[in-house]
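[1] give the three-dimensional model of this entry:
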Amino acid sequence: MKKIGFVFTYKSGATLNRILSMCNVLSDHEIHLVGPLKSLQGYENYLKKTKIFFHEIPLSKNKYSNFLFRYLSEFKYSLKCSKKINSLLCDYQIISVPFISLIISSKIFNNKSCQILDIRDLVWEYYNKNRFFEKVAFKILKFIHLHFLKKYKNITLSNFFELQKLDFDLLSNNKFVISNGVSQTKFNLIQKNLDTHFNSTKTVITYIGNVGIAQNLWSFIKVIKDFKMLQFYIVGDGNDYLSITKKLVKNKIKNVKLVGNVFEKNVIKYYTNTDFLYAKLDSKYSTAIPSKLYEYLSTGKPIIYSGEGASIEFLKKFENIFIINNNEKDINSFLMSINKINFTIKSKKNIEIIEQNYIRENISLKLLDVLKINKF
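    Numbering: from 1, shown residues only. Next up is the predicted model:
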């Protein structure tokens, strides 16, 4: 039995789901979780192993919109996490990086643990190409983090677009793609509730996921607010949640409802009680694939998507997908014609592709290959 530690920086969502699937693969070993959680309340049914040691590092809600201040705040938190996991003397450390500052902090306190860096976002690629100073700042950020990246023998990534980027940067590390997906438990629950009928006088569109600056949901809200026969639900939380809340009140918008975070087991009812699922990622996040797309596709329901790059390429293999540009004219045009779409027909093709290729537990078995290379 090995002692395996995970470092993560989010209480819910894609990061936690990814780590839980990895924990399931490693369920015969001693697991330590270092991050903002003190229990798995609401996630109990998604985990095989019941005995996990929690090392909570309290994480306050990030109040900074400025990237530099936000990064410094994240770096401070990363240092605490890195110091803690190194004190545990684990055989393996799996470091999950939405907070890219972990790339640096994990090497500051490095001990003899075998470290595996799990990258979900290449943050230094997410800059506005039309802003000179932002472009320069992110190039410096990239240079510094690539320097520390080279110190890791093993790196896992969530998609092949990220792999291509790092290959282009001539990183010679062992790199493995372990894509995101949907847990077997969540997939089964979605299938169980697919044929549940609900009564609504309005056509329901639902967004489930992070309510952040990267999603910029306001551009969709300010158009849909004029379509009174459409109801838009936003399920989740993030650094743009408060701003959107204030705008809804100020503009007296009645057909958009912010639900906030809900327990994982309760998300199913929102998948059941919707006609369309909406997702969006700003164009500068072109190497990212929103993890919620895998769950969305599991429903077979029509998906409205706005974005560029990796996500668009990924969605090409599926049907029942409606790609719209992120501007008021195109959003308005689509919503004007939405009543012509037969949203009651589920895509069996989408469901089958997800079941065959994107069940998290099956994908996470690749982690064993990574560990075997390091004499697991």
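[2] which parts of the stretch 1-150 of the chain are strands?
    3-7, 30-35, 53-56, 92-97, 114-119 (DSSP state E, counting those that start in this stretch).
[3] I'd like those strands as a markdown table, with mean neighbour count and distance to residue 304 appended.
    C-betas here are computed from N, CA, C, even on glycine. Listed next are the strands of the stretch 1-150 of the chain as a markdown table, based on neighbours: other C-beta atoms under 10 Å; distance: least, C-beta to C-beta, whole Å:
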| stretch | mean neighbour count | distance to residue 304 |
| --- | --- | --- |
| strand 3-7 | 24 | 34 |
| strand 30-35 | 22 | 33 |
| strand 53-56 | 14 | 38 |
| strand 92-97 | 25 | 29 |
| strand 114-119 | 24 | 28 |
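[4] with distance to residue 256 and mean pLDDT as added columns, please give those strands in TSV.
    Below are the strands of the stretch 1-150 of the chain laid out as TSV (distance: least, C-beta to C-beta, whole Å; pLDDT from 0 to 100):
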stretch	distance to residue 256	mean pLDDT
strand 3-7	36	94
strand 30-35	32	94
strand 53-56	34	93
strand 92-97	32	93
strand 114-119	34	92
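[5] now distance to residue 307 too, for the ones you listed, in JSON lines please.
    Below are those laid out as JSON lines (distance: least, C-beta to C-beta, whole Å):
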{"stretch": "strand 3-7", "distance to residue 307": "29"}
{"stretch": "strand 30-35", "distance to residue 307": "28"}
{"stretch": "strand 53-56", "distance to residue 307": "34"}
{"stretch": "strand 92-97", "distance to residue 307": "21"}
{"stretch": "strand 114-119", "distance to residue 307": "19"}
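[6] what's the closest of the ones you listed to residue 326?
    strand 114-119 (25.8 Å; C-beta to C-beta).
[7] quick one: contacts of that closest one?
    Strand 114-119 is contacted from outside by 18, 91-97, 103, 106, 149, 152-158, 162, 178, 370-371, 374, using C-beta atoms under 8 Å, 6 or more residues apart in numbering.
[8] of those residues, just the buried ones, PyMOL syntax please.
    Burial among the contacts of strand 114-119 is assessed by 16 or more other C-beta atoms under 10 Å; the matching PyMOL selection reads:
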select buried, resi 18+91+92+93+94+95+96+97+103+106+149+152+154+155+156+157+158+162+178+370+371
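[9] mind checking which of the contacts of strand 114-119 land in helices?
    When the contacts of strand 114-119 are checked against helices (DSSP state H), the matches are 18, 103, 106, 149, 162, 370-371.
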